[in-house]
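Asks: Structure here, sequence nowhere to be found:
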């Protein structure tokens, strides 16, 4: 589903990622691990077409993500990113935020209800985002990112929203979706014990 082939990224004279190669099959769950400055977020920015690699190739679904020095927009629509920078409208309720995402998605009502159920959002649907806990906001962001039925989701900086116990809950929810074909990549400082069977891409 996602393959990096000898990918490097440089910003000025600084090399942030150097000759990185890995492959994620469809339906796999991966943790990109490393220190805070190792380049994990850069990996996601590359894989989601936000920046262009300095060298190397990136493939999604067997097709090059960049063609003619520009992103392949058809492939980009299959990718979602959930991170602390993801936009939620604080003055709106959870339901209003989800409806905004729904208006931009191809998901049907059955899919939306399944996402709400999976991420346990029913009790907070009518609460304003501004009054949610970090854990609740994290669940809303990820649920919103799944509204367009992506083939792959990147979940960056999971410790911002989820403590170890809640991350374990989230992992099992994402693992359930991976059984339906979703490919997922988390970034974390290290691989959690409960995710020992996941693919690990360690960035030095």
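Replies: Structure received. All values reported here derive from a predicted model rather than from experimental measurement.
Asks: which regions of this protein lie under the pLDDT threshold?
Replies: Low-confidence segments of the chain (pLDDT under 70): 67-76, 104-107.
Asks: As a check, name the ranges of all helices in the protein.
Replies: 40-47, 73-76, 94-103, 109-118, 134-145, 164-178 (DSSP state H).
Asks: Can you check which of those helices gets nearest to residue 65?
Replies: helix 73-76 (5.9 Å; C-beta to C-beta). (Each C-beta comes from the backbone N, C-alpha and C, glycine too.)
Asks: distance of the most centrally placed residue in the chain from residue 83?
Replies: Among the residues of the chain, residue 154 comes closest to the average C-alpha position under C-alpha atoms, centre = their mean, at 1.6 Å. Plainly put, residue 154 is 8 Å away from residue 83 if you go by C-beta to C-beta, to the nearest Å.
Asks: re the thing from before, could the helices of the chain go into JSON lines alongside mean neighbour count?
Replies: Shown next, in JSON lines, are the helices of the chain (neighbours: other C-beta atoms under 10 Å):
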{"stretch": "helix 40-47", "mean neighbour count": "23"}
{"stretch": "helix 73-76", "mean neighbour count": "12"}
{"stretch": "helix 94-103", "mean neighbour count": "17"}
{"stretch": "helix 109-118", "mean neighbour count": "14"}
{"stretch": "helix 134-145", "mean neighbour count": "21"}
{"stretch": "helix 164-178", "mean neighbour count": "16"}
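Asks: closest one to residue 186 among the ones you listed?
Replies: helix 164-178 (7.8 Å).
Asks: what helices or strands is that closest one leaning on?
Replies: Secondary-structure packing of helix 164-178 (3 or more C-beta pairs under 8 Å, 6 or more residues apart in numbering; DSSP states H and E): strand 29-33, helix 109-118, helix 134-145, strand 152-155, strand 183-188.
Asks: Show me what the residue nearest to the centre of the chain is bridged to.
Replies: Beta-bridge pairing for residue 154 (DSSP bridges): residue 81, residue 185.
Asks: Residue 15 versus that one, what's the distance?
Replies: Distance from residue 154 to residue 15, by C-beta to C-beta: 22 Å.
Asks: got it, and residue 196?
Replies: Counting by C-beta to C-beta, the gap from residue 196 to residue 15 is 31 Å.
Asks: what about the two, which has more around it?
Replies: residue 15 (13 against 8; other C-beta atoms under 10 Å).
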